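Enquirer: Next comes the sequence, and after it the predicted model I'd like to discuss.
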Amino acid sequence: MVKIIRIENETFKIEEPLSACIGFFDGMHRGHQELMKETIGFAEKNGLSSALICFDPDPYDLLHEEKNAHIFSQEQRIRMIEKFGFDVCIIIHFDDEMMKMDPIDFINKYLNRMDLKYLVYGFDFRFGYQGRGNSDTLKRYGSFESRMIPEYTYYGTKVSSTRIKDNLLKGNLKLVNRLLGFDYYLNLKTVNCSQNGSKWLIEAIVPYEDVLIPKEGVYPGLFEIRNRRFFIESDCRRQIGDLFEIRVTL
């Protein structure tokens, strides 16, 4: 079971020696997985706990003053963090004060208060006021060893959460799976179930408002999407309110 540590302000201290990666990790995609593999590998070689450091709410929401739709809910991401093999998930509360914080202050008030031995981050990771903190800032002021992971591409184009979202909106689920490195899946909630011949027709919704859903239309053998509602043919009946998972294997 992954240990969840929620940090609300800088009055904390983590004394467990850590190898960690840092970012938002919306998609947990193949680019993110390069950071994860490096983090966990270093932890195993050096007898450390492996940790993933992320933020809540999404920094995008405050920076752009609008809600950002996500590929997966925070609940889904935490389950994936455990599945990928992390020991600890550190969730830092992001607010106006942090958004305006000097990058060096962020390092001293947050990262240097953890017993970080090794920190992994992506080539485009920025932090602090106006994103002024970067790899050089971490290396100069961090009390830990750090490593930047270069851009990860698929067919010559960067693998990113934005690229995955664009393809979800286009209904390109096969490419979404390739970019994720695992089968895309949805957690759904039953709102209606009716008999359809020898089968059952399940009507369901995504129970998270901030989760992006694929383009409306018919996905043969999977589901139909209309008005953010999913219609799925099933061999078994479901009760209204039942939660279930549907995985897109293409």
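Expert: Thanks, I have it. A quick note: this is a predicted structure, and the numbers were derived from the prediction, not measured.

Enquirer: Surely Asp58 is in contact with His70?
Expert: Yes: the pair Asp58 and His70 qualifies as a contact (C-beta atoms under 8 Å) at a distance of 7.1 Å. Bear in mind the C-beta positions are built from the backbone N, C-alpha and C, glycine included.

Enquirer: Break the chain down into its structural domains.
Expert: Domain ranges of the chain: 3-150, 185-247, per automatic domain parsing.

Enquirer: just checking, what's the longest helix in this structure?
Expert: Counting by DSSP state H, the longest helix found in the chain is helix 30-46.

Enquirer: what mean pLDDT does that one have?
Expert: The average pLDDT within helix 30-46 is 98.

Enquirer: now the strands: where do they sit in the protein?
Expert: With strands called from DSSP state E, the chain shows them at 3-7, 14-22, 49-56, 88-93, 114-122, 145-149, 153-154, 157-158, 185-196, 199-205, 217-219, 223-226, 229-234, 243-247.

Enquirer: could you dump these to TSV with mean pLDDT, mean neighbour count and distance to Arg178?
Expert: TSV is the format used below for the strands of the chain (pLDDT from 0 to 100; neighbours: other C-beta atoms under 10 Å; distance: least, C-beta to C-beta, whole Å):
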stretch	mean pLDDT	mean neighbour count	distance to Arg178
strand 3-7	97	14	30
strand 14-22	96	21	22
strand 49-56	97	22	23
strand 88-93	97	19	26
strand 114-122	97	22	19
strand 145-149	98	16	20
strand 153-154	98	14	6
strand 157-158	97	12	12
strand 185-196	96	16	15
strand 199-205	97	18	26
strand 217-219	97	13	16
strand 223-226	98	16	20
strand 229-234	96	17	23
strand 243-247	96	12	15
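
Enquirer: Distance to Leu173 added to the domains of the chain, as a markdown table?
Expert: What follows is the domains of the chain, written out as a markdown table (distance: least, C-beta to C-beta, whole Å):
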| stretch | distance to Leu173 |
| --- | --- |
| domain 3-150 | 12 |
| domain 185-247 | 6 |
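
Enquirer: quick one: which of those domains is nearest Asn172?
Expert: domain 185-247 (8.6 Å; C-beta to C-beta).

Enquirer: ok now that closest one, how far from the chain's centre?
Expert: In terms of C-alpha atoms, centre = their mean, to the nearest Å, the centre of domain 185-247 is set 23 Å apart from its chain centre.

Enquirer: returning to what we had before: which neighbouring elements make contact with the longest helix of the chain?
Expert: With contacts taken as 3 or more C-beta pairs under 8 Å, 6 or more residues apart in numbering; DSSP states H and E, helix 30-46 sits against strand 14-22, strand 49-56, helix 74-84, strand 114-122, strand 145-149.

Enquirer: Mind doing that once more with 7 Å?
Expert: Using 3 or more C-beta pairs under 7 Å, 6 or more residues apart in numbering; DSSP states H and E, the elements in contact with helix 30-46 are strand 14-22, strand 49-56, strand 114-122, strand 145-149.

Enquirer: Tell me who's in contact with the residue minimising distance to the centre of the chain.
Expert: The structure's the chain has its C-alpha centroid closest to Asp26; by C-alpha atoms, centre = their mean the separation is 2.8 Å. By C-beta atoms under 7 Å, 6 or more residues apart in numbering, the residues touching Asp26 are His70, Ile71, Phe72, Ser161.

Enquirer: Can you report how many residues lie near the residue nearest to it when sequence neighbours are not counted?
Expert: Among residues not flanking Asp26 along the chain, Ser161 sits closest, at 4.3 Å (C-beta to C-beta, 6 or more residues apart in numbering). By the measure other C-beta atoms under 10 Å, the count of residues near Ser161 is 22.
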